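Sequence first, predicted coordinates after that:
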Amino acid sequence: MSKPIIALDFPNKEKVEMFLDLFQEETLFVKVGMELYYQEGPSIVEMIKSKGHAIFLDLKLHDIPNTVEYAMRGLAKLGVNMVNVHAAGGTEMIKAAIKGLREGTPVGLEIPKLIAVTQLTSTTESTMHLEQLIPVTLIESVVNYAQVAYEAGADGVVCSALEVEAINQKLPQSFLKVTPGIRLVSNDLNDQKRVTTPSIAHKLGSTHIVVGRPITQAVNPREAYDLILKEWNQ
């Protein structure tokens with residue numbers, strides 16, 4: 001059974017521990033993003049790993065290739081399962097990230113999967129045109145970034161589930177499609193724009209879904225997780 005990735009969008013370690021205590025009998029796949037990592041540092045990864053959970057470290061690196069390579073060398077030592085960069089950083093940056101991960105991963109540990117962010121799920125096509133000055137459609141931009149990432153050697157991309165079919169038409173289905181912006185029908189959209197449900201994401205071909213507030217801010221997070229898990233695996 002494939003597990004949803006839970007976005008641990010909490011401000012500190014204490015709130016993370018309170019949340020994880022709800023799942024003492026189960027191993028999870030969780031996402032540690034900028035908010036949490038920048039407050040707590042590597043110790044938050046160590047704590048979560050000590051509880052047996054898999055980790056997607058979502059820091060979205062985007063810098064010159066040399067800087068990204070050496071940053072990834074450091075992150076590889078943490079023993080996380082997945083990390084990411086912005087595809088907009090280009091081929092050489094993505095290749096440098098892969099090099100850093102390969103050379104930085106300790107012997108005996110698996111090299112983290114590298115995925116590349118295409119267009120954030122908070123981005124609309126009009127915003128992309130007006131602020132990024134990208135003249136093509138949003139889907140064309142996402143597919144282009146996916147092709148860049150694939151050819152550079154990345155394991156997959158971050159995209160909306162609504163773009164997965166278009167990517168699968170160009171690239172192997174084994175190429176990872178990690179899709180945030182997942183909501184149940186009853187949930188608010190919050191700041192996400194390109195969203196879908198777990199069931200639709202599964203049908204569209206997402207390989208992973210990332211779910212935050214519909215679980216972490218639910219009245220009963222454990223019940224919400226079980227509902228999303230069931231719908232995702234239908």
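Structure received. Numbers count the residues shown, from 1 in each chain.

Could I get the full set of strands for the chain?
Remark: strands assigned in the chain by DSSP state E are 5-7, 29-33, 54-61, 82-86, 113-117, 156-158, 176-179, 208-211.

CSV for these, including distance to residue 132 and mean pLDDT?
Using the backbone N, CA and C atoms, a C-beta is placed for each residue, glycine as well. CSV is the format used below for the strands of the chain (distance: least, CB to CB, whole Å; pLDDT from 0 to 100):
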stretch, distance to residue 132, mean pLDDT
strand 5-7, 24, 98
strand 29-33, 22, 98
strand 54-61, 16, 98
strand 82-86, 12, 98
strand 113-117, 13, 98
strand 156-158, 17, 98
strand 176-179, 21, 98
strand 208-211, 23, 98
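
Helices of this protein, start to end?
Along the chain, the segments classed as helices by DSSP state H run 13-20, 34-40, 42-50, 65-76, 91-104, 125-127, 138-152, 164-170, 198-204, 213-216, 221-232.

what's the angle between the third one and strand 29-33?
Read that as helix 42-50. With axes from the mean of the first three to the mean of the last three CA atoms, to 10 degrees defining the directions, helix 42-50 sits at 180 degrees from strand 29-33.

Residues in contact with helix 42-50: which ones?
8, 13, 16-17, 20, 30, 32, 36-37, 55, 57, 78-80 (CB atoms under 8 Å, 6 or more residues apart in numbering).

so who does the closest residue in space to residue 6 that isn't next to it in sequence touch?
Once flanking residues are discounted, residue 6 sits nearest to residue 30: 4.9 Å by CB to CB, 6 or more residues apart in numbering. Contact analysis of residue 30 by CB under 8 Å, 6+ apart lists 5-8, 48, 53-56.
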